[in-house]
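Engineer: Pasted the sequence and its predicted model underneath.
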Amino acid sequence: MKKTWTNKAYEYFEKETGRNVEEIQERGEKPGLWKRANLQLFKWKQQLFASGDNRWGNEVQGYADFEADSPIPDFGIFTANSTKEIRIRFFNLTKSQDGAADFRCAFLKFGDAEEAGPWDMAFMTGSASPFNDIETLEEFLTGLQVGPSSLKAWALRHPSNYYSLVDGLRKEPKEWTSLDYNNYKTYSCTTKENVMRLFRFRLIGLGNVDESKLSPDDQKHPWDLVRTGTEEKSTQGNFLSESLLRVSETHPTMMLQVQFRDIMSVSAPDNVVDPSVVWDEKECPWRNLASVILTYNVPNLPEERAKYSFHKLPEGVRLQTLSNTESYAELILYRDRALFSARGGKMTQESVSKKMTTYLIHVETGFYLFSGTNATVSIAIFGSKDRTKRHVLDKSFQNDFERGSKDAYYITAPTVGEVKFIKIYLVGGSIGREWYLRSVMIFDLESRISYDFPCFQWITSTITLPRGNAVLPQKETDPVLQRVRRMWLAHEQMVVRWKTQTCLPSNIDCSAYKDLPRDLKYATEREWEKKEIIGFYAIKLKIHRFLTALESFDDFEDFKALTDVLCQSEVAKAITANENWKRDEEFGRMTLDGINPVIIKRCQAPLDNFPVTNDMLQGILQRNLSLEQEMEAGHIYLLDYKVLKGVPRRNDRYLPTPLCMMYVRPDGALVPIAIQLGQSSEESNLIWTPHDDELDWLFAKTWVKTADIHVHALNTHYYRAHRVSEVFAVATFRNLPLAHPVFKLLVPHLKYTIAVNATALEVLLGGAGSVFYKMLAIGGHEVKMLENGYNEFHWDLLNIPKEFAMRGVDEPALLPNYHYRDDALSMWNCIGEFASKVVNLYYSSDTDVKKDHELQSWMREIKEKGLVSWNEDNGVPRSVESVSHLKEILTMIIFNVSCYHAAVNFGQGDYYIFGPNYPSAMRTPPPTKKGNTTMASFMAALPVKADQALAVAFANYLCSYSEDEVYLGEYPDAYFAEEAMRRVKDEFQQSLKRISELMKTRNRKIDVPYYYLLPERVPNSVAV
């Protein structure tokens, strides 16, 4: 609370002049010829000699924390509840001595770059401006510069002059940051409510009480500028400058405020706009706009000092002008030039000697193509006591920062205390400027302490990197690092935006892959590699004329000719060997361990829409039990493709919505026993069984397979694996900063997910020329099917043990040989143990979880922005409630982006390579009569050679591993700096190795190996 202070200028003016203040109207007389000549000379001097030299004053940097209920429109600056970097330069208007009475000034700039900001502001002490036109500005400045007699003459010329002089002078202030500064300019804008408002700004101190205003005695002779009082401070002292030397330790705070007035027209009256007129604070109260925390002194170097321009205004803001003979815009121009040319605030040399140290800096450049940079790289180190200047990292006669390089540099600088964060600057190098920085390590040779700064990002200009130690937001007590976190998230939320969907999992708001932020794109060599892969398959198939052949295949052997063109895996060979694909046992094996192992569910009661009878299954059920008894015993299972219902088909393609009943024989084999090619028991929807003609039965199973490929491609794979994973990626990048342990844990598992999905939207779902349009029977209507699938989404589907229980397939004794289930559970438990150990390192209680506001925002966005429920509640939690809840969520995410995706993706080349086994679409309607299937009708229904070749090429492309693939348990990017975390990762890798050996031992004992969940074959993320 500031002490009450009274400006007695009007009282003393009357005593000095004998004139009545109320009778004086005009501020000055009309200028005569001589006066006009002086004004013109003043203008020329300001135009010719006033400059924006930045080598004076005391400049500090810091942050502005804007209020949650910002009273002013955004203008791209005043975003509610946001944090922005700022610069402030403090200086005396006329005197270099801090003890002399003088006007104190401050420049404010939003942003930390050296160039002018979007809305730079100039402030002076005093609530009323000493001038309101160019004439009074010239008189005021002349009075200050010539001396007391001239200033006295100016002050006694008009009571407003006297008042503003008393109001603005400060004598022997203790510190810059305890003073109040006013901007004087009046701006206008139109609010969202279409109301025209005027507003002014001021910057007030919140620290010590301002005792530097003139005392009643000093107010009698305010023109005595050299007066210093009776304290021991010398007029030659620089104590104000010295008070800023410890700003990095004290973090003084100021407040930016705004004052409003409503007006009825675009132009406001002069008595409102006049900068020498103070608005009534009762009618127009000051409102807080942002708290300003000052954190570091800017080094006294011209290249690091900010440039200010006070004539740039955001769109929608208008500077209100007086309607006098002189241009008000000119007045502002000359006033700002006068402030710029002030020499009272010359650069102050620090009087405190600083302890020096040497820092060893290790810089690691990425190994991707074009990771190196030709730009000049500089670094500044920010610590608990101070910051360094920018040091250029360069070695003579050496190409620094080349691809894959590890460079070391020594810099000598004043010790900054405990290092908090660093800034990396890139300047120049327009060609080859972009740089992939992996990490920076700094070793203080004096204290023998090292600091890690993980980055793993592309840089084009400046980046701020906090230390690598993971810290929860509520446990980050340092006010500077708190704001570094906020700034990081603000930038990410500006770059990564939601494209909210209601009928599908939401995705990033980006129109095309090329428009993605650089850090979310593929590495260049991966882009090239994927093009080479699809080109390889396309060329190989084209050479054999498959891609251009529009005729049907002659028979099954003709299909094998296509498969022989490509290399086949052990599984692919097993499918076609001895016509194994025709066998019911192989159909059952593929249901459990094939490309779509998540469709099968237990059937516990007869279905009205699928009226299978005991008579139909005579001799098929092998336990002498009825169908109902087999159901009760847990031996009957169902494949239901109802998600295809209501999805339009192409005119030249056909697709059923089948139901397929499966049976577990006493020998443990799963086999199909009844198929209906529709969802209702209409007469046209016959029920096919193994009793039917062999070709009829094979044909019915093929129709089930073509439905399966549709459900797999769009729902099992694209929506469940890709789109759901993108929700986690977008929410993570937007809500968790680099220093958050959950970010560090998840980001390796989200790499390239957004990139592959953006590519998929163009390649798979891009309209008439897309792959799905050409391959599938529902080309052009894929979104409808995706909506059908998402309508059935529930959060528990991502919890694998719960998902198996929901489908009734969680008992190995009832459903043996389900290797996907068994391997998935092994991997789930291993990942869960790993996630649990990580969480335990950083969260000691449920309270830690609940107070982690960044984590809670992350979960809330997943619920409200990402996995939006458009029908009934889909079970997605709105918050994370406990440590155990967090462990479960992290296990769900890591499992689904790695293991689940691997299980449903990397077998596509094995199963789709042979067309009759998995046809992408059928060209004739489903059969409605039995006994009519011939080899010719079978071939006529299957895809033509060109369509099958496209499906094969694309399937092989999707299941191809990249050379830079990172597999589960591998963490080449060291986001964590803690030694304890390294031990946890080592234990995770050992557990995965043990699981791998068990899987390999099992595979050696079965006819067709199941290797899609071998840890060394499971990529860390959804990257293809």
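Structural biologist: In hand now; what should we look at?
Engineer: doesn't Q320 make contact with V273?
Structural biologist: Yes. Assessed by CB atoms under 8 Å, V273 is found in contact with Q320 at 4.5 Å. (C-beta placed from N, C-alpha, C; glycine too.)
Engineer: and for these two, which residues touch both?
Structural biologist: Residues touching both V273 and Q320 (CB atoms under 8 Å, 6 or more residues apart in numbering): T186, L198.
Engineer: my read is L198 is in a helix, agree?
Structural biologist: No. If the criterion is DSSP: H, G, I helix; E, B strand; the rest coil, then L198 is strand and not within a helix.
Engineer: The closest residue to it other than its chain neighbours in helix, strand or coil?
Structural biologist: With CB to CB, 6 or more residues apart in numbering as the criterion, L198 has its nearest non-adjacent residue at 4.3 Å, and that residue is R261. Following three-state DSSP, we place R261 in the strand state.
Engineer: R261 and D280 touch, don't they?
Structural biologist: No. Using CB under 8 Å, R261 makes no contact with D280, being 9.5 Å away.
Engineer: and S248, how many neighbours?
Structural biologist: Using other CB atoms under 10 Å, the number of residues around S248 comes to 24.
Engineer: Contact partners for it?
Structural biologist: Applying CB under 8 Å, 6+ apart to S248 gives the contacts T295, Y296, N297, F382, G383, S384, K385, D386, R387.
Engineer: Outside of the helix or strand where the fourth one lies itself, list whatever touches it.
Structural biologist: What that stands for is F382. Here F382 is covered by strand 376-383, with elements defined by DSSP states H and E. With CB under 8 Å, 6+ apart as the test, strand 376-383 has contacts from 248, 296, 359, 361, 363, 387-394, 400-401, 411, 413, 415-429, 435, 440, 442, 480.
Engineer: Also stretch 594-603?
Structural biologist: Contacts of stretch 594-603 (CB under 8 Å, 6+ apart): 591-592, 631, 634, 636-641, 661-662, 708, 711-712, 716, 720, 803, 807-809, 814-815, 818, 820-821, 903-904, 907-908, 910-912, 918.
Engineer: For that stretch, measure first residue to last.
Structural biologist: One end of stretch 594-603 sits 20 Å from the other (CA to CA, to the nearest Å).
Engineer: again with stretch 785-800
Structural biologist: 24 Å.
Engineer: Now do the buried residues in it.
Structural biologist: 785-790, 793-800 (16 or more other CB atoms under 10 Å).
Engineer: Please report how far the nearest residue to Y163 once chain neighbours are set aside lies from E281.
Structural biologist: Nearest residue to Y163 in three dimensions, chain neighbours excluded: A9, at 4.1 Å (CB to CB, 6+ apart). A9 sits 18 Å away from E281, going by CB to CB, to the nearest Å.
Engineer: Those two: who's more crowded?
Structural biologist: Counted by other CB under 10 Å, A9 and E281 do not tie: A9 has more neighbours, with 24 against 10.
Engineer: what's the more buried one in contact with, if anything?
Structural biologist: P159, Y162, Y163, L165, V166, D167, Q219, P222.
Engineer: Give me the subset of those that lies in helices.
Structural biologist: Among the contacts of A9, DSSP state H puts P159, Y162, Y163, L165, V166, D167, Q219 in helices.
Engineer: Can I have the buried ones of those residues as a PyMOL selection?
Structural biologist: A single PyMOL command selects the buried members of these (16+ other CB under 10 Å):
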select buried, resi 159+162+163+165+166+167+219
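Engineer: any idea which helix or strand comes after the helix or strand bottoming out on mean pLDDT in the chain?
Structural biologist: Least confident helix or strand of the chain, by mean pLDDT, DSSP states H and E, is helix 328-340 with a mean of 56. Next helix or strand after helix 328-340 toward the C-terminus (DSSP H and E): strand 356-365.
Engineer: That next one pairs with which strands, parallel or anti?
Structural biologist: strand 406-414 (antiparallel), strand 435-444 (antiparallel) (DSSP bridges).
Engineer: from the chain's centre, how far out does the shortest one sit?
Structural biologist: Right, the one you point to is strand 406-414. 31 Å (CA atoms, centre = their mean, to the nearest Å).
Engineer: so after that strand, what's the next helix or strand?
Structural biologist: Criterion used, DSSP H and E; the element after strand 406-414 is strand 419-427.
Engineer: which helices and strands does that following strand pack with?
Structural biologist: strand 376-383, strand 435-444, strand 449-459, strand 462-466, helix 479-495 (3 or more CB pairs under 8 Å, 6 or more residues apart in numbering; DSSP states H and E).
Engineer: Now the element after the last one, going C-ward?
Structural biologist: Moving toward the C-terminus from helix 479-495, the first helix or strand encountered (DSSP H and E) is strand 498-499.
Engineer: what's that next one packed up against?
Structural biologist: By 3+ CB pairs under 8 Å, 6+ apart, strand 498-499 packs against strand 507-508.
Engineer: Run through who's touching the strand it packs on.
Structural biologist: Here strand 507-508 makes contact (CB under 8 Å, 6+ apart) with 496-499, 501, 516, 520, 723, 726-727, 730, 754, 757-758.
Engineer: Need the worst-confidence member of those residues.
Structural biologist: Ranked by pLDDT, the contacts of strand 507-508 bottom out at Q501 (86).
Engineer: list the contacts for it?
Structural biologist: Applying CB under 8 Å, 6+ apart, we find Q501 in contact with N507, V868.
Engineer: doesn't it fall inside a helix?
Structural biologist: No. Using three-state DSSP, the secondary structure at Q501 is coil, not a helix.
Engineer: what are the phi and psi values for it?
Structural biologist: phi -120, psi 150 (degrees, to the nearest 10).
Engineer: Could you tell me how far it is located from P269?
Structural biologist: 52 Å.
Engineer: and K185, how far is that from A122?
Structural biologist: From K185 over to A122 (counting by CB to CB), the distance is 8 Å.
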